[in-house]
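Colleague: Turn this into a model:
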Amino acid sequence: MPNVSFKASVYKFVLFSLAFVFLVIGIANLQYGTKLEEVKKEGVDLVIALDVSNSMLAEDLAPNRIERAKRAIYQLLEKLQNDRVGIVIFAGEAYVQLPITTDYSSGKLFLETIGTDIIPTQGTAIGAAVGLALESFNYETPTSKAIIVITDGENHEDNALDAVQEAVDRGVSVHTIGMGSEQGAPLPIYQHGKQVGFRTDNSNNTIISKLDETMLKKIAAAGNGSYVRATNANAGLSIIMQEISSMKKTEFDSKVYKNYESRFQPFLLIALILLIIEFLISTRRTGKLDKINLFEVKK
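Modeller: Numbering: from 1, shown residues only. The predicted structure is shown next:
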């Protein structure tokens with residue numbers, strides 16, 4: 001090919017190969033040197049007390065009360081950023097399911113294990129749940145603190161208002177979310193994933209679980225908090241979180257990290273320059289070389 005410069009082709013290949021090498025090094029993101037970064041976290045401490053008694057199986061909220069509440073908590077964990085959150089479950093007794101943490105991924109895992117069969121003692125001990133939530137807080141930190149009680153309000157075990165008053169004395173606000181309806185709904189019984197009937201009392205009458213909205217309003221009022229009634233469209237957590245977000249956020253954690261600095265920029269710049277030079281080099285022979293015609297037939 002008399003019009004093609006062999007040397008120019010070699011140069012283009014070498015430049016392209018070098019550009020490829022520098023590009024690979026740049027993508028590898030070499031790091032050296034260190035820099036110190038201080039990360040500060042500001043937020044509030046929040047404990048969610050979730051009712052897991054059998055009455056939460058009522059299906060006046062889709063698919064039922066407890067599943068609707070768990071979905072709302074899951075959505076809340078996805079939106080939280082710097083706030084610390086814990087989960088307390090309660091029925092006849094109360095237990096800490098998730099200690100206060102900023103590890104929201106762990107919260108989602110713990111949330112999946114929650115069900116009405118996780119506590120053997122049935123009942124609705126709201127006061128015990130509030131008391132256990134109070135013990136979960138670290139009062140040495142100056143962060144604002146709040147408790148959200150998610151229940152149908154059928155409190156049969158203790159005087160919840162006494163526990164709420166103790167929370168107020170400690171500077172903790174108590175909010176409530178009512179799960180269910182005033183008309184109520186029967187409690188289904190499932191076997192092998194199929195409904196086989198409804199729960200009955202000792203007189204063989206179908207048990208109807210109703211939302212005790214009056215009780216939950218009293219708890220919220222006594223706890224300097226808000227009451228929201230959950231619906232299929234909105235479980236109420238987002239509404240209460242708007243009020244909690246307005247609370248004073250205090251710095252509760254400050255850490256210094258040592259990070260390596262990335263040095264990929266020079267390698268990518270060199271690769272770009274080499275590619276531009278390679279693009280500008282022509283493989284055509286120069287004018288002087290055009291005069292040489294090795295393939296000319298002499299007469």
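Colleague: give me every residue that touches the residue lying closest to Ala28 once chain neighbours are set aside.
Modeller: Nearest residue to Ala28, sequence neighbours excluded (CB to CB, 6 or more residues apart in numbering): Phe264, at 7.7 Å. (Glycine included, C-beta is placed from N, CA and C.) Contacts for Phe264 were tallied using CB atoms under 8 Å, 6 or more residues apart in numbering; they are Ile25, Gly26, Ile27, Ala28, Asn29, Leu30.
Colleague: And the strands in the stretch 151-299 of the chain, which stretches?
Modeller: For the stretch 151-299 of the chain, strands defined by DSSP state E, counting those that start in this stretch occupy the ranges 172-178, 185-186, 188-191, 194-198, 208-209, 227-229, 250-262.
Colleague: What average pLDDT does the third one get?
Modeller: Taken as a whole, strand 188-191 has a mean pLDDT of 84.
Colleague: for the fifth one, same thing?
Modeller: pLDDT averaged over strand 208-209 equals 90, rounded to a whole number.
Colleague: Tell me the strands beside it, with direction?
Modeller: Sheet pairing here is set by DSSP bridges, and for strand 208-209 it gives strand 185-186 (antiparallel).
Colleague: quick one: contacts for the most centrally placed residue in the chain?
Modeller: Nearest to the geometric centre of the chain sits Glu78, at 2.6 Å (CA atoms, centre = their mean). By CB under 8 Å, 6+ apart, the contact set of Glu78 is Tyr104.
Colleague: wait, isn't Ile281 in contact with Leu15?
Modeller: Yes. If you go by CB atoms under 8 Å, Ile281 and Leu15 touch, sitting 7.3 Å apart.
Colleague: The two: who's more crowded?
Modeller: Leu15 (19 against 13; other CB atoms under 10 Å).
Colleague: is it true that that one touches Leu280?
Modeller: No. Using CB under 8 Å, Leu15 is not in contact with Leu280, being 9.9 Å away.
Colleague: Lowest average confidence across helices and strands of the protein, where is it?
Modeller: In the chain, the helix or strand scored least confidently by mean pLDDT, DSSP states H and E is helix 287-290, which has a mean of 56.
Colleague: what domains does the record give for this protein?
Modeller: 6-30+263-290, 40-253 (automatic domain parsing).
Colleague: Which stretch among those is buried most, on average?
Modeller: For the domains of the chain, average neighbour numbers computed from mean count of other CB atoms under 10 Å are highest in domain 40-253, which has a mean of 18.
Colleague: hmm, back to that, which one of the contacts of Phe264 is nearest to Asp60?
Modeller: Nearest to Asp60, judged by CB to CB, of these is Asn29 at 54.6 Å.
Colleague: my read: that closest one touches Gln265, true?
Modeller: No. Contact between Asn29 and Gln265 fails when scored by CB under 8 Å: they sit 10.2 Å apart.
Colleague: And for stretch 65-75, what's in contact with it?
Modeller: With CB under 8 Å, 6+ apart, stretch 65-75 has contacts from 48, 50-52, 55-59, 61-62, 87, 108, 111, 114-116, 150, 152, 177, 179-180, 230, 232, 235-238.
Colleague: Now intersect those residues with the helices, please.
Modeller: Lys108, Leu111, Leu237, Ser238 (DSSP state H).
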